[in-house]
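Visitor: The sequence isn't on hand, but the structure is:
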């Protein structure tokens, strides 16, 4: 079974631009969660999508948004990029959601904002 | 709110040494506890988990026991290998997952031959 895939793997953007990251979950998984990983703050939960609906949300500003498609693929969008948005963005999939606990992570997208 | 505390390191050991990475937590209710490992340039891989008090999770020679009385979930391995060099994250999940997984800062483990 193929694992979680994320595209692109690396991205460089300029402050003020917007960016869209993509995540394809493991086949059959209906939940996709997004996390931001930075050296200072560590791993922080952004949001979870389940069956095309945002089910849970972390403590991030509205510039961070996402969506999920009917095939469970998910995209995350960050608008008006700031230098502090530079991070590794990880997505994780599971069959029934974050309450299940066991999540499978992708390799991440490394976003650099200059 | 939920929180996880673990030593950040780096922790440097010689091959075949005994490993302990401490992890303590604060959480509402009865969380599930996890250890994830991250190798350079990769995402996180679930190493082991425990879902209730006194459960022992184990995998690839690593073990951790869910201790509710001390709110701890320390990771141990009897004899480490160079290939165990990675960053290890302790994490918890509670409240039905409304806050996603809560992670510790990660412990960078370096095993020298």
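Guide: Arrived safely. Small disclaimer: the values here were computed from a predicted structure and weren't measured.
Visitor: Quick check: closest non-adjacent residue to residue 11.
Guide: Picking chain A for this. Excluding its sequence neighbours, the residue lying closest to residue A:11 (C-beta to C-beta, 6 or more residues apart in numbering or on different chains) is residue A:111, at 5.0 Å. Using the backbone N, CA and C atoms, a C-beta is placed for each residue, glycine as well.
Visitor: oops, I was thinking of chain B
Guide: Spatial nearest neighbour of residue B:11, excluding adjacent residues (C-beta to C-beta, 6+ apart): residue B:109 at 5.2 Å.
Visitor: Note down every partner strand of the helix or strand where that neighbour lies and its orientation.
Guide: Counting by DSSP states H and E, the element that carries residue B:109 is strand B:107-112. Here strand B:107-112 has these sheet partners by DSSP bridges: strand B:11-14 (parallel), strand B:86-93 (antiparallel).
Visitor: I'd like to know how far residue B:23 sits from residue B:34.
Guide: Residue B:23 is 10 Å from residue B:34, where distance means C-beta to C-beta, to the nearest Å.
Visitor: related to what we said a few turns ago, hang on, the residue nearest to residue A:11 packs against residue A:21?
Guide: Yes - at 7.5 Å, residue A:111 and residue A:21 qualify as touching, with contact defined as C-beta atoms under 8 Å.
Visitor: what is in contact with these two at once?
Guide: When contacts are counted by C-beta atoms under 8 Å, 6 or more residues apart in numbering or on different chains, residue A:111 and residue A:21 are jointly contacted by A:11, A:78, A:89.
Visitor: from those, which single one is nearest chain B?
Guide: Nearest to chain B, judged by C-beta to the nearest C-beta, of those is residue A:89 at 10.5 Å.
Visitor: For chain A, which helix or strand comes out least confident on mean pLDDT?
Guide: Least confident element among the helices and strands of chain A, by mean pLDDT, DSSP states H and E: strand A:53-57 (a mean of 90).
Visitor: tell me which residues in the following helix or strand past that strand are buried?
Guide: Once strand A:53-57 ends, the next helix or strand along the chain (criterion: DSSP H and E) is strand A:64-68. Residues A:64-66, A:68 are the ones in strand A:64-68 that count as buried (16 or more other C-beta atoms under 10 Å in any protein chain shown).
Visitor: Dump those residues into TSV; add distance to chain B as well.
Guide: As requested, those are exported to TSV (distance: C-beta to the nearest C-beta, whole Å):
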residue	distance to chain B
A:64	13
A:65	16
A:66	13
A:68	15
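Visitor: tell me the two of the residues you listed that are most distant?
Guide: With C-beta to C-beta as the measure, no two of these lie farther apart than A:64 and A:68, at 14.7 Å.
Visitor: mind checking the SS state of the residue sitting nearest the centre point of chain A?
Guide: With distances taken as C-alpha atoms, centre = their mean, residue A:34 lies nearest the centre of chain A, 3.2 Å away. State at residue A:34, reduced to three classes by DSSP: H, G, I helix; E, B strand; the rest coil: strand.
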